[in-house]
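**Q** Would you be able to build a 3D model of this:
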Amino acid sequence: MAFSVFVALWGPRASGREVGVNSCRVLVVAFVGGLGTANFPPTMARSVLNELHSVGGSQVCIKQVSIYWPWSATHWVKKRLETDEKQATAQVQVTMEPKIVAFGYSLGVPHELRFARALKREGIPIELLVAVDSKGFTDGMIPANVKTAANYYERRLYPLLYPLYYGKGNLFPEDDRRTNFLGNFLVHAGHFGIVTVGPMRELMVDTVRELLARENKCGTGFPDSGGPAEQVTSCGRKEGHQFSSHSSPLLD
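**A** Numbers count the residues shown, from 1 in each chain. Just a heads-up that it's a prediction; the model follows:
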């Protein structure tokens with residue numbers, strides 16, 4: 001346990017730098033919780049973010065979001081998608097539209113759910129939403145633009161903070177016909193150790209791998225090259241999708 005916490009805090013940092021043209025195929029938005037900024041002090045979620053980055057390198061772009069600037073997440077995603085669509089229009093190498101994975105930890109979970117609702121208003125889907133040991137105030141509803149979701153929580157007793165410190169185990173989908181909600185999973189770990197457990201990490205890593213494999217299967221091509229253009233369309237790129245020029249406020 002001590003070793004896991006050390007690695008989570010002081011392991012290699014997930015890259016937050018801008019990468020090359022059209023290279024982001026999976027956008028991971030991580031609401032890291034805590035009372036610090038997005039990158040300081042080091043988040044307990046760092047190890048899982050590093051693992052996700054290692055799966056696809058520059059194809060997996062990660063945005064860490066603090067509880068103080070949650071609206072930056074919507075702006076970042078829309079900017080990435082707008083850039084990708086402009087590149088496709090300009091006949092730069094075209095691939096499947098970038099896919100979004102949302103991760104929320106602790107106080108970050110309420111902001112994660114608001115972020116998902118903001119994307120729903122924009123008509124933007126989320127492939128996977130993972131909530132980990134949610135703290136703070138939220139109604140727990142996962143919006144219908146989320147395709148798959150899961151919630152992991154712990155119930156270690158902290159007498160001075162009970163029941164506020166308990167992880168929330170009652171998240172639910174807005175529409176279970178559109179969201180594959182895997183469930184609320186009680187994890188026998190403390191608040192700081194829950195981000196190191198296997199099932200949650202495996203779900204995220206496997207999902208990113210599957211999305212990248214789908215990307216590779218789709219291949220690349222130019223819009224005017226015949227066959228590949230049809231392949232791009234069949235792989236899910238939205239033609240003519242319009243994004244508003246302003247960042248949506250993260251309000252319920």
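
**Q** can you give me the strands for the stretch 151-252 of the chain?
**A** 172-173, 180-186 (DSSP state E, counting those that start in this stretch).

**Q** Show me which residues of the strand or helix carrying P110 are buried.
**A** Here P110 sits within helix 108-121, counting by DSSP states H and E. Under the neighbour-count criterion of 16 or more other C-beta atoms under 10 Å, helix 108-121 has 108-120 buried. Quick note: C-beta positions are derived from backbone N, CA and C, even for glycine.

**Q** Nearest to V146, out of those residues: which one, please.
**A** Closest to V146 out of the buried residues of helix 108-121 is A116 (5.7 Å), distances taken as C-beta to C-beta.

**Q** Touching, that closest one and M141? I think so.
**A** No: counting by C-beta atoms under 8 Å, A116 stays clear of M141, with 9.5 Å between them.

**Q** Check which residues of the longest helix seen in the chain are buried.
**A** Scanning the chain for the longest helix, with DSSP state H as the assignment, gives helix 198-218. Judged by neighbour count using 16+ other C-beta under 10 Å, the buried positions of helix 198-218 are M200, R201, L203, M204, T207, V208, L211, L212, E215, C218.

**Q** Spell out which residues sit in contact with the first one, please.
**A** It refers to M200. V48, V130, V132, A150, Y152, F185, V187, I194 (C-beta atoms under 8 Å, 6 or more residues apart in numbering).

**Q** pLDDT wise, what is it at?
**A** The score at M200 is 92. That number is its pLDDT.

**Q** Check the fifth one too.
**A** What the model reports as pLDDT for T207 is 96.

**Q** Apart from its chain neighbours, what residue comes closest to it?
**A** Counting by C-beta to C-beta, 6 or more residues apart in numbering, T207 lies nearest to L128, which is 4.7 Å off, once chain neighbours are set aside.

**Q** same check, this time on the third one
**A** With C-beta to C-beta, 6+ apart as the criterion, L203 has its nearest non-adjacent residue at 6.1 Å, and that residue is A150.

**Q** before we move on, the earlier item: and the buried residues of helix 108-121, which two are the farthest apart?
**A** With C-beta to C-beta as the measure, no two of the buried residues of helix 108-121 lie farther apart than G108 and K120, at 18.4 Å.

**Q** S54: what's it in contact with?
**A** Applying C-beta under 8 Å, 6+ apart, we find S54 in contact with no residue.

**Q** Same question for it, what's its three-state structure.
**A** What DSSP: H, G, I helix; E, B strand; the rest coil gives for S54 is helix.

**Q** before we move on, the earlier item: so can I have a markdown table of the buried residues of helix 108-121 showing distance to V55 and pLDDT?
**A** Converted to a markdown table, those look like this (distance: C-beta to C-beta, whole Å; pLDDT from 0 to 100):
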| residue | distance to V55 | pLDDT |
| --- | --- | --- |
| G108 | 21 | 91 |
| V109 | 23 | 94 |
| P110 | 27 | 94 |
| H111 | 25 | 95 |
| E112 | 21 | 96 |
| L113 | 25 | 97 |
| R114 | 27 | 96 |
| F115 | 22 | 97 |
| A116 | 22 | 97 |
| R117 | 28 | 97 |
| A118 | 26 | 96 |
| L119 | 23 | 96 |
| K120 | 27 | 97 |
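
**Q** about what we covered before: out of the contacts of M200, which two sit at the greatest distance?
**A** Maximum distance among those (C-beta to C-beta): 15.5 Å, for V48 and F185.

**Q** out of these two, which sits in the more crowded spot?
**A** Neighbours around V48 and F185, counted as other C-beta atoms under 10 Å, are more numerous at V48. The numbers are 25 against 16.

**Q** Leaving aside the residues adjacent along the chain, what's closest to the more buried one?
**A** Distance criterion C-beta to C-beta, 6+ apart; nearest residue to V48, sequence neighbours excluded, is R201 at 5.2 Å.
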